[in-house]
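Student: Whatever this is, show me its structure:
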Amino acid sequence: MTIKKSKFYKPLTAKERLANLKYSFLFWEGRKNGMIYTRSIKWSDILFIFFPKGFNEKYGYLGSVPYNEDGEIFKAILPLVLTMDYEAKPKWCPRWFLRFLEVFGNDRSIVRVRNRSLHNLHKKLTKGYRFYDYKTKWTDYDLRIHVLVPEHLHNLADDIEYGFANRGKQKELVEEIIKLDPKAGIIWGSVERLKKQLEELQNKNYGKSK
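Tutor: Below you'll find the model as predicted:
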């Protein structure tokens with residue numbers, strides 16, 4: 001006697017069949033257990049995987065990569081992201097598959113895990129490379145980059161931070177110098193030299209005001 005002919009068998013309702021179908025597609029619906037939750041997969045996630053829009057989505061499998069392609073921060077961080085992609089992506093593996101793992105394994109998050117097996121596969125294929133965050137703190141040129149990468153790429157991130165801050169400080173000093181002397185000759189390249197030039201102008205103007 002088959003299960004369906006048993007008197008204990010109760011056919012699934014149409015609603016239950018749809019629910020089972022929904023969960024069979026790699027758990028499309030988000031789930032929640034206390035403070036731990038996962039997102040519901042949306043059409044935009046499928047487009048992200050197969051038809052990424054712009055730089056941010058193309059390299060989105062790496063984590064929170066920059067998205068404003070017109071910003072100075074984007075231009076500064078661009079070499080780091082491209083280098084991470086070059087080292088993290090296996091030559092035989094298409095990016096769409098890594099983005100697939102980012103969605104269904106990592107839940108498109110730098111902290112959540114949607115599926116442990118797919119998460120571990122993503123980590124193995126990308127060697128664990130991860131772009132966690134970037135932001136400015138005390139000033140708009142005080143850039144902070146947070147990545148999980150080997151030492152040589154950490155050094156690159158440090159150099160980007162230093163260079164971005166150095167150029168930003170020079171620009172700030174030049175603006176102050178021009179306010180005091182619109183015709184001042186500017187020699188870029190050294191924060192200390194520009195500081196000295198600004199101090200000399202300030203002292204000169206202070207002496208005139210007495």
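Student: From here on, just use CA atoms for contacts and neighbour counts.
Tutor: Will do.
Student: Give me the distance between Y162 and G168.
Tutor: As judged by Cα to Cα, to the nearest Å, Y162 and G168 stand 10 Å apart.
Student: Report the contact partners of the residue nearest the centre of the chain.
Tutor: Nearest residue to the geometric centre of the chain (Cα atoms, centre = their mean): S64, 1.8 Å. Listed by Cα atoms under 8 Å, 6 or more residues apart in numbering, the contact set of S64 reads I110, F131, Y132, D133.
Student: Let's see that with 7 Å instead.
Tutor: F131, Y132, D133 (Cα atoms under 7 Å, 6 or more residues apart in numbering).
Student: Specify the beta-bridge partners of the last one.
Tutor: Going by DSSP bridges, D133 is paired in beta bridges with H146.
Student: Verify the stated contact: it with H146.
Tutor: Yes - in this structure, D133 is within contact of H146 by Cα atoms under 7 Å, at 5.1 Å.
Student: Looking at H154 now. What's its pLDDT?
Tutor: We have a pLDDT of 97 for H154.
Student: What of the one 4 residues further on?
Tutor: D158 is assigned a pLDDT of 98 by the prediction.
Student: Is it located within a helix, as I assumed?
Tutor: Yes - the assignment for D158 is a helix, going by DSSP: H, G, I helix; E, B strand; the rest coil.
Student: Show the low-confidence segments of this protein, by residue range.
Tutor: The chain contains residues with pLDDT under 70 at 1-12, 14-28, 33-34, 206-210.
Student: Give me the phi and psi angles of Y37.
Tutor: phi -150, psi 160 (degrees, to the nearest 10).
Student: if I look at the closest residue to I178 other than its chain neighbours, how far off is R95?
Tutor: Using Cα to Cα, 6 or more residues apart in numbering and skipping the chain neighbours, the partner closest in space to I178 is A184 (6.5 Å). Using Cα to Cα, A184 is found at 51 Å from R95.
Student: try L78
Tutor: 18 Å.
Student: More neighbours: A184 and R95, which one.
Tutor: Just comparing A184 and R95: by other Cα atoms under 10 Å the higher neighbour count belongs to R95, 19 against 13.
Student: can you give me the helices for the chain?
Tutor: 14-24, 43-50, 54-58, 72-88, 95-104, 116-125, 151-180, 191-209 (DSSP state H).
Student: nearest to M35, of those helices?
Tutor: For M35, the closest of the helices of the chain is helix 116-125, at 17.7 Å, according to Cα to Cα.
Student: got the contact list for the closest one?
Tutor: Residues from elsewhere that reach helix 116-125, judged by Cα under 7 Å, 6+ apart: P90, L98, L101, F104, G105, N106, V113.
Student: Identify the farthest-apart pair in these.
Tutor: Greatest spatial distance among the contacts of helix 116-125 (Cα to Cα): P90 and V113, at 22.0 Å.
Student: quick one, which of the two is more surrounded?
Tutor: Per other Cα under 10 Å, whichever of P90 and V113 has more neighbours is V113, with 21 against 14.
Student: Phi and psi next, for the more buried one.
Tutor: With angles defined as degrees, to the nearest 10, V113 sits at phi -130, psi 120.
Student: Quick check: it touching V103?
Tutor: No - assessed by Cα under 7 Å, V113 is found out of contact with V103, at 9.6 Å.
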